[in-house]
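In: structure, please.
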Amino acid sequence: MVKIVVKFKIQKGMEADYLRDLKPCILKTREEPGCLEYTAFWNAEENVLTLFECFKDSEAAARHLEYPHFAVDFKALKKYYDGKAVAERYEDEII
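Out: Residues are numbered from 1 along each chain as shown. Just a heads-up that it's a prediction; the model follows:
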């Protein structure tokens, strides 16, 4: 199992546009084979969106990066970022 946590700080005033454009990408990702969870949480105080991603295995996580909704649509969302996205990947389950 692969879990990924990604945080995106969004430019002030761009929140509604960002969330509107992000929603289709999230819904398409949830339909991917091997996607177990793809959930977004919004922190309005810090203007940060956090994605919680969970894939069945490394192959499913790697395939995610090749789908058109990621390769094209999701990368187009970078115009809304205030800085770089920060991602943490976890694969070694302890318990």
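
In: excluding chain neighbours, what is closest to the residue nearest the centre of the chain?
Out: In the chain, the C-alpha closest to the average C-alpha coordinate belongs to L51, at a distance of 4.6 Å (Cα atoms, centre = their mean). Closest residue to L51 in three dimensions, ignoring its sequence neighbours and counting by Cβ to Cβ, 6 or more residues apart in numbering: V6, at 4.5 Å. C-betas here are computed from N, CA, C, even on glycine.

In: so who does the residue nearest to the centre of the chain touch?
Out: Contacts for L51 were tallied using Cβ atoms under 8 Å, 6 or more residues apart in numbering; they are 4-8, 26, 38-40.

In: which helix runs longest in the chain?
Out: Scanning the chain for the longest helix, with DSSP state H as the assignment, gives helix 15-30.

In: got the CA coordinates for that helix in CSV?
Out: Taking Å, rounded to 0.1, in the frame of the first residue of the first chain, the C-alpha atoms of helix 15-30 are listed here in CSV:
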residue,chain,number,x,y,z
GLU,A,15,-9.5,29.6,-4.1
ALA,A,16,-12.9,29.2,-5.8
ASP,A,17,-11.3,28.8,-9.3
TYR,A,18,-8.8,26.3,-8.0
LEU,A,19,-11.4,24.2,-6.2
ARG,A,20,-13.7,24.3,-9.3
ASP,A,21,-10.8,23.1,-11.5
LEU,A,22,-9.6,20.5,-9.0
LYS,A,23,-12.9,18.7,-8.5
PRO,A,24,-13.0,16.9,-11.9
CYS,A,25,-9.4,15.6,-11.3
ILE,A,26,-10.3,14.2,-7.9
LEU,A,27,-13.4,12.5,-9.2
LYS,A,28,-11.4,10.9,-12.2
THR,A,29,-8.6,9.8,-9.9
ARG,A,30,-11.1,8.0,-7.6
